[in-house]
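S.K.: coords below, sequence missing:
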């Protein structure tokens, strides 16, 4: 759909995000039924090539009293902020440039990048990156700079958390996918060596900090250490993620999952860098 129609769906997207937050508070590992398992997806990144600008979605527009001025080129664009994702409620609908949204394609929505254009998105929590094609407008929540398709979010490890801190870099036509220098920003999980390949185990996601702290106390009572609470903004309300680690490898992380299950701590999720 054209950009003006696209904006009318933001309230629906907010409700979908709130539903995801509710599911995560019960330690759900995947969103509601109807989504393919990320393990079964083929992650083919978009390949930047020269494209004509769409006649739709590239004019100045106003949302919530703020006017946005889309860029003429993606070259030189670089911004750090929060990424979110959107899925089933919008699958099959028209995007802002007139395409049909396919949540299993490597696409994304941006408030200002040209339609269509390409961008490199890097998850600062785990170092994963992917090239996406920008074909939609959004997201319009404070601090968010890109809305990923389900496939792109799965590739970046954003499905379970709903959002993640990212760096988005615009790619000029024909520009190759070049991974930028490793970001050495705040350590969101607690002290550990950024260059070390490590795995965390997520054991809970809560809307209230006190619930996350309560789980941390229970885990400490079981003799676990290296416990971290990560605050991650979802749908404007915020989730508190409880993670254990880092573990030296996937095998150690699986052993920790098994231990948590034996001790009645429920299901967990391995966070793969």
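M.R.: The structure has been received and is ready for your questions. A quick note: this is a predicted structure, and the numbers were derived from the prediction, not measured.

S.K.: beta-bridge partners for residue 119, please?
M.R.: In this entry, residue 119 is beta-bridged to residue 132, residue 170, by DSSP bridges.

S.K.: ugh, wrong one, I meant residue 63
M.R.: Beta-bridge pairing of residue 63, defined through DSSP bridges, involves residue 66.

S.K.: all helices for this protein, in order.
M.R.: All helices of the chain, identified by DSSP state H, fall at 3-6, 10-25, 150-156, 209-221, 250-262.

S.K.: shaky segments in the stretch 51-200 of the chain?
M.R.: Within the stretch 51-200 of the chain, the stretches with pLDDT under 70 are 173-198.

S.K.: where exactly do the strands run in it?
M.R.: Listed in chain order, the strands of the stretch 51-200 of the chain (DSSP state E, counting those that start in this stretch) span 61-63, 66-68, 78-85, 107-109, 117-123, 129-136, 144-148, 164-171, 199-206.

S.K.: tell me which of the ones you listed sits nearest to residue 45.
M.R.: When the strands of the stretch 51-200 of the chain are compared by CB to CB, strand 129-136 sits nearest residue 45, at 4.3 Å. C-beta coordinates here come from the backbone N, C-alpha and C atoms, glycine included.

S.K.: beta partners for residue 146?
M.R.: As assigned using DSSP bridges, the partners bridged with residue 146 are residue 83.

S.K.: for the spatially closest residue to residue 95 that is not a sequence neighbour, give its distance to residue 148.
M.R.: In this structure, residue 95 finds its nearest non-sequential neighbour in residue 136, 4.1 Å apart by CB to CB, 6 or more residues apart in numbering. Residue 136 is 10 Å from residue 148, where distance means CB to CB, to the nearest Å.

S.K.: shared neighbours of those two, anything?
M.R.: Here residue 136 and residue 148 share the contacting residues residue 108, scored by CB atoms under 8 Å, 6 or more residues apart in numbering.

S.K.: comparing the helices of the chain, which gets the lowest mean pLDDT score?
M.R.: Comparing the helices of the chain by mean pLDDT, the weakest confidence falls on helix 3-6, with a mean of 32.

S.K.: hmm, back to that, how far away is the residue nearest to residue 95 from residue 79?
M.R.: Using CB to CB, we find residue 136 at a distance of 17 Å from residue 79.

S.K.: which one of these two is surrounded by more residues?
M.R.: Between residue 136 and residue 79, counting by other CB atoms under 10 Å, residue 136 is the more crowded of the two (27 against 15).

S.K.: what's near enough to touch the more buried one?
M.R.: 6, 57, 95-97, 101, 107-110, 115, 147.

S.K.: can you read off the pLDDT for the spatially closest residue to residue 269 that is not a sequence neighbour?
M.R.: Distance criterion CB to CB, 6+ apart; nearest residue to residue 269, sequence neighbours excluded, is residue 202 at 4.3 Å. What the model reports as pLDDT for residue 202 is 83.

S.K.: neighbours of residue 202, how many?
M.R.: Residues within reach of residue 202, counting by other CB under 10 Å, total 22.

S.K.: what about the closest residue to residue 125 other than its chain neighbours, neighbour count?
M.R.: In space, and not counting its chain neighbours, residue 125 is closest to residue 164: 5.4 Å by CB to CB, 6+ apart. Other residues within reach of residue 164 by the criterion other CB under 10 Å amount to 26.

S.K.: try residue 225
M.R.: Taking other CB under 10 Å as the neighbour definition, residue 225 ends up with a count of 7.

S.K.: what's the spacing between it and residue 160?
M.R.: Remark: distance between residue 225 and residue 160 (CB to CB) = 23 Å.

S.K.: same thing with residue 61?
M.R.: For residue 61, the distance to residue 160 under the criterion CB to CB works out to 32 Å.

S.K.: and if you look at residue 260?
M.R.: Taking CB to CB as the measure, residue 260 and residue 160 are separated by 16 Å.

S.K.: circling back: my read is that the residue nearest to residue 125 contacts residue 121, right?
M.R.: No: taking CB atoms under 8 Å as the contact criterion, residue 164 and residue 121 are not neighbours in contact, 9.6 Å apart.

S.K.: for residue 104, what are its contacts?
M.R.: Taking CB under 8 Å, 6+ apart as the contact definition, residue 104 lies against 36, 41, 149-151.
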